[in-house]
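# Model the structure of this input:
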Amino acid sequence: MPLVKLKDFYPNHEEPSNAEDIKDFDVYAQSDEKIGSIEHILVDDKSGQFRYFVVDTGFWIFGKKVLLPVGRAAIKYSDRRIEVNGLTKQQVEDLPNFDDLEKVDYDYEEQVRGTYRPAASAATYDRDSYNYQQDPSLYDLNDRDHQSLKLYQERLVADKHKQKVGEVSIGKRVETETAQVAVPVEKERVVIDRSTASAGNVVDPNNVNFGNQEVVRMEVYEETADIHKEAFVREQVNVSKVVDKDTVNAEEQLRREELDLETQGRPVVDNRR
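I've put the predicted structure just below:
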């Protein structure tokens, strides 16, 4: 059951005014011997209920700080002191030293409780099911020494969590399109131009070899289109994530209880804050 310091449970200085006074009270044993003074108050981190007073023993046991369950303390507001009945110096010496709240676990608290519990107590406790109600003598504030009225106040708690809002899948698909290309080609053709000779173009027959077979050869060429496909890298895609920061503003109505004090007659009331 996690514990926190009272000032951390009320981070905005909204802690009960009487608690602020208690942190200055001196602590006395039954023999009216001063044990030390209250340095901190430890409360349940869920309910805010008082669980322990952190007592700085000062010169009584030099340099030692111990936990005092609130049920063992009788708070005397008028005298600004706390009295602990039956507490001995030996008990304080047997208590574990308090120097770090993170070390206060079930085993640590059991060592504290074992020091304050009656010697004849035969009760057994289970670490998994233990709660402070099982030790009313250590944690309950009795009506004779402690009469209190709880004033509640709401506070706005802001937290955040990460949730999946979507997913992006990036892949490839093949799309097909018809491409057209025009390639100009050249083709050769033979042109035979025949004309009638003029009448004055007369030759001697003896000079004409009619038996000679003359042949004129001319090569004819044409171009053909060479069309084929090739692949190339058209685009490169890099995928990464970036974080955009934003601020979410919230507004709520918070309630707080205030004390209404009514008196009859002429009682003496010390209303401290």
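
# I'd like the next helix or strand past the top strand by length along the chain.
Determined from DSSP state E, the single longest strand within the chain is strand 34-44. Using DSSP states H and E, the next helix or strand after strand 34-44 towards the C-terminus is strand 50-56.

# I'd like the average pLDDT over the helix or strand just after that following strand.
Proceeding N to C from strand 50-56, the next assigned helix or strand is strand 65-69, under DSSP H and E. For strand 65-69, the mean pLDDT works out to 92.

# re earlier: send me the longest strand of the chain as PDB with only the CA atoms.
Provided in PDB are the C-alpha atoms of strand 34-44 (Å, rounded to 0.1, in the frame of the first residue of the first chain):
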ATOM      1  CA  LYS A  34      10.500  14.800  24.900                       C
ATOM      2  CA  ILE A  35      11.200  12.300  22.100                       C
ATOM      3  CA  GLY A  36      11.600  14.600  19.200                       C
ATOM      4  CA  SER A  37       9.400  16.500  16.700                       C
ATOM      5  CA  ILE A  38       7.200  15.800  13.700                       C
ATOM      6  CA  GLU A  39       9.100  16.300  10.400                       C
ATOM      7  CA  HIS A  40       6.600  14.800   7.900                       C
ATOM      8  CA  ILE A  41       3.200  13.100   7.800                       C
ATOM      9  CA  LEU A  42       2.800  10.000   5.600                       C
ATOM     10  CA  VAL A  43      -0.600   9.400   4.000                       C
ATOM     11  CA  ASP A  44      -2.300   6.700   1.900                       C
END
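
# what helices or strands is that strand leaning on?
Counting contacts by 3 or more C-beta pairs under 8 Å, 6 or more residues apart in numbering; DSSP states H and E, strand 34-44 packs against strand 3-5, helix 6-9, helix 17-22, strand 26-29, strand 50-56. Just so you know, the C-beta spots here come from the backbone N, C-alpha and C atoms, and that holds for glycine as well.

# so what strands line up beside the longest one?
The sheet places strand 50-56 alongside strand 34-44 (antiparallel), strand 65-69 (antiparallel), with pairing taken from DSSP bridges.

# how far does the longest one sit from the chain's center?
Between the centre of strand 34-44 and the centre of its host chain there is 32 Å, according to C-alpha atoms, centre = their mean, to the nearest Å.

# I'd assumed N97 was in contact with V66.
Yes. Contact status for V66 versus N97: in contact at 7.0 Å, counting by C-beta atoms under 8 Å.

# The two - which one has more neighbours?
Applying other C-beta atoms under 10 Å to V66 and N97 shows that V66 carries more neighbours, namely 24 against 13.

# What number of residues are in the vicinity of Y10?
18.

# Low-confidence stretches in the chain?
Applying pLDDT under 70 to the chain flags residues 1, 11-21, 119-122, 142-151, 268-273.

# Grab the longest helix from it for me.
Ranked by number of residues, the top helix in the chain under DSSP state H is helix 106-116.

# List the buried residues in that helix.
109, 112-113, 115-116 (16 or more other C-beta atoms under 10 Å).

# what's near enough to touch T115?
Contacts for T115 (C-beta atoms under 8 Å, 6 or more residues apart in numbering) come out as 91, 94-95.

# and V54, how many neighbours does it have?
20.

# Quick check: bridge partners of it?
Applying DSSP bridges to V54, the residues it is bridged with are H40, L67.

# Do I have it right that it meets G36?
No. Between V54 and G36 there is no contact under C-beta under 8 Å: 9.7 Å.
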